[in-house]
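> any chance you can model this:
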Amino acid sequence: MAITASRELNRYVDQELRSFGVAASEHIYKGALVGVDRSTGLARNLLAGDSFAGIAYEEIDNSGGQDGDLSVRVYTQGDFILTVDSATQAQVGQTVYATGNDVTTVSPTPGSSLAGVLMSVVGSNMGIVRILPFAIHSVEQQTQTALVGSTSSTSTHVIMITQRPIKVMSAQALYLTPPDQGALDVGFTLADPDDVVNNFNLATLSANTAALLPLAGRNVPAGISLLAKIGQASSSAGAGGTLTLRYIELP
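Purely as a prediction, here's the structure:
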């Protein structure tokens with residue numbers, strides 16, 4: 001119902017800490033990455049695919065309790081030194097994904113949870129991460145296109161026309177039956193669209209198994225066609241090919 005008079009609303013001025021009900025049987029330690037189970041809305045030690053809620057401010061042991069018996073306070077903003085698998089200085093500014101309560105990476109696996117941005121590398125597998133709780137709902141998008149090759153020539157497909165600049169976060173390819181030969185390029189340079197994925201050998205794919213593709217670049221300008229080029233196959237062009245890109249729009 002629409003309001004018909006002025007009112008005062010309770011307002012949270014301090015946004016650093018928030019409290020979440022804890023799932024049954026969970027023991028969350030201080031400093032753990034905390035996820036919210038999408039099916040229940042309850043907090044737990046993060047599992048890949050959860051909504052990232054933040055970093056535990058305190059230890060809460062609900063291992064003998066029921067859903068929501070206890071609550072945990074979590075940090076919802078700030079820069080934290082975390083384990084970031086295989087992080088390099090060249091990856092500063094890239095999105096960080098969480099796959100467990102102490103596991104983050106800049107190379108997402110299927111179902112991983114967006115957790116923040118890599119601000120700096122401070123040691124082997126260690127980085128400063130600016131956490132972004134629940135950011136996946138507002139910043140990350142996905143597009144898919146069919147990969148149809150040929151035994152007589154290369155083939156090129158339009159993936160999307162960008163309305164704004166985008167940053168590609170990951171690329172995956174899947175074939176029900178992979179081609180026996182041919183390389184995949186993804187990019188926006190018409191003469192040789194390999195700006196994002198360069199010369200990935202499609203024959204190395206396993207049937208009906210998604211594979212993360214190494215990225216040659218991530219930034220794509222606004223107002224251009226993003227293309228997928230498939231090299232010529234030999235005797236079998238494969239079947240059921242799909243390319244999936246996860247990306248965020250930039251200002």
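> next, the distance between the ends of stretch 145-152.
21 Å (Cα to Cα, to the nearest Å).
> nope, stretch 47-64 is what I meant
20 Å.
> so which bits of it are buried?
Ala48, Asp50, Ser51, Phe52, Ala53, Gly54, Ile55, Ala56, Tyr57, Ile60, Asn62 (16 or more other Cβ atoms under 10 Å). No exception for glycine: its C-beta is placed from N, CA and C like everyone else's.
> of the residues you listed, which belong to strands?
Members of those lying in strands (criterion: DSSP state E): Ser51, Phe52, Ala53, Gly54, Ile55, Ala56, Ile60, Asn62.
> so what's the second one bridging to?
This means Phe52. As for beta bridges, Phe52 partners with Gly35 under DSSP bridges.
> do the last one as well
Taking DSSP bridges, one finds Glu26 as the beta-bridge partners of Asn62.
> am I right that it is in contact with Leu42?
No: judged on Cβ atoms under 8 Å, Asn62 makes no contact with Leu42 at a distance of 9.6 Å.
> please name the nearest non-neighbouring residue to Gly65.
Spatial nearest neighbour of Gly65, excluding adjacent residues (Cβ to Cβ, 6 or more residues apart in numbering): Ala24 at 6.2 Å.
> give me the three-state assignment for that neighbour.
coil (DSSP: H, G, I helix; E, B strand; the rest coil).
> kindly report the same for Gly65.
Per three-state DSSP, Gly65 ends up coil.
> how many other residues sit next to it?
15 (other Cβ atoms under 10 Å).
> ok, it touching Ala23?
No: using Cβ under 8 Å, Gly65 makes no contact with Ala23, being 9.3 Å away.
> looks like Leu114 contacts Ala135 (just checking).
Yes: if you go by Cβ under 8 Å, Leu114 and Ala135 touch, sitting 5.4 Å apart.
> between those two, which one's more packed in?
For Leu114 and Ala135, the more surrounded residue by other Cβ under 10 Å is Leu114, and the numbers stand at 23 against 18.
> that's a strand at that one, yeah?
Yes: Leu114 forms part of a strand when assessed by three-state DSSP.
> so what's it bridging to?
Here Leu114, judged by DSSP bridges, has bridge partners Tyr97.
> which residues are common contacts for Asn62 and Leu42?
Residues touching both Asn62 and Leu42 (Cβ atoms under 8 Å, 6 or more residues apart in numbering): Val22, Ala23.
> so where do the strands sit in the stretch 1-150 of the chain?
Assigned by DSSP state E, counting those that start in this stretch, the stretch 1-150 of the chain shows strands spanning 17-21, 26-28, 33-36, 43-45, 51-56, 60-62, 71-75, 79-85, 95-100, 103-105, 113-123, 126-131, 140-147.
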